[in-house]
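Participant: quick one: sequence and predicted model below, then my questions.
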Amino acid sequence: MTDLEVRLLRLIPVGSERPINGKEIAKLLGIGERTVRDIISRLIVRYGVPIVANRGINSGHYIPANDSERLEGIRELNSQYQAEGKRLGTLISADLKQHEKILAELERKEQDHESIEP
């Protein structure tokens with residue numbers, strides 16, 4: 001494990017009471033938020049560290065202190081997974097000219113609206 005991975009791991013609290021967000025970790029370590037996400041992913045996948053995250057008001061990363069916290073973290077991740085799956089499905093079947101159609105329709109509506117105004 002690299003020194004940076006160890007330093008980041010030491011910042012992750014055990015328990016969901018005071019999770020730490022990626023922005024705060026990045027600031028404390030002097031690295032970018034993308035690097036934080038990459039390191040957290042490595043800690044989970046390569047080293048098996050059970051880091052989960054909350055979204056919302058008390059957002060941030062933490063290591064679950066019990067199975068209840070683990071399940072809550074899994075629910076959060078599963079919700080993200082489902083949303084990403086929908087996004088992936090849409091991208092796979094998307095019309096590559098859809099943006100042009102939308103913009104043309106908006107342009108037409110704007111022109112129609114302008115021609116109605118006195």
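Facilitator: Alright, I've got the coordinates.
Participant: flag the shaky bits of the protein, pLDDT-wise.
Facilitator: 116-118 (pLDDT under 70).
Participant: just checking, what's the longest helix in it?
Facilitator: For the chain, the longest helix by residue count, based on DSSP state H, is helix 67-93.
Participant: centre of the chain to that one, how far?
Facilitator: 10 Å (CA atoms, centre = their mean, to the nearest Å).
Participant: can you show me the CA trace of stretch 78-89 as CSV?
Facilitator: Provided in CSV are the C-alpha atoms of stretch 78-89 (Å, rounded to 0.1, in the frame of the first residue of the first chain):
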residue,chain,number,x,y,z
ASN,A,78,-27.0,0.2,-5.3
SER,A,79,-29.0,3.3,-6.0
GLN,A,80,-26.1,4.8,-7.8
TYR,A,81,-25.5,1.6,-9.7
GLN,A,82,-29.2,1.5,-10.8
ALA,A,83,-29.0,5.1,-12.0
GLU,A,84,-25.7,4.5,-13.9
GLY,A,85,-27.3,1.4,-15.5
LYS,A,86,-30.2,3.5,-16.8
ARG,A,87,-27.7,6.1,-18.1
LEU,A,88,-25.7,3.3,-19.8
GLY,A,89,-28.8,1.8,-21.4
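Participant: in the chain, which residue is most central in space?
Facilitator: The residue lying closest to the centre of the chain (CA atoms, centre = their mean) is Gln80, at 7.4 Å.
Participant: where exactly do the helices run in this structure?
Facilitator: 3-11, 22-29, 33-45, 67-93, 98-116.
Participant: ok and the third one relative to helix 3-11, angle-wise?
Facilitator: When axes from the mean of the first three to the mean of the last three CA atoms, to 10 degrees is applied, the directions of helix 33-45 and helix 3-11 differ by 80 degrees.
Participant: gap between the two ends of stretch 89-100?
Facilitator: 20 Å (CA to CA, to the nearest Å).
Participant: nope, stretch 7-16 is what I was after
Facilitator: Across stretch 7-16, first to last residue, CA to CA, it's 20 Å.
Participant: what do you get for stretch 92-106?
Facilitator: Using CA to CA, first and last residues of stretch 92-106 are 25 Å apart.
Participant: now Thr2: how far from Gly89?
Facilitator: 36 Å (CB to CB, to the nearest Å). In short, each C-beta sits where N, CA and C put it, glycine included.
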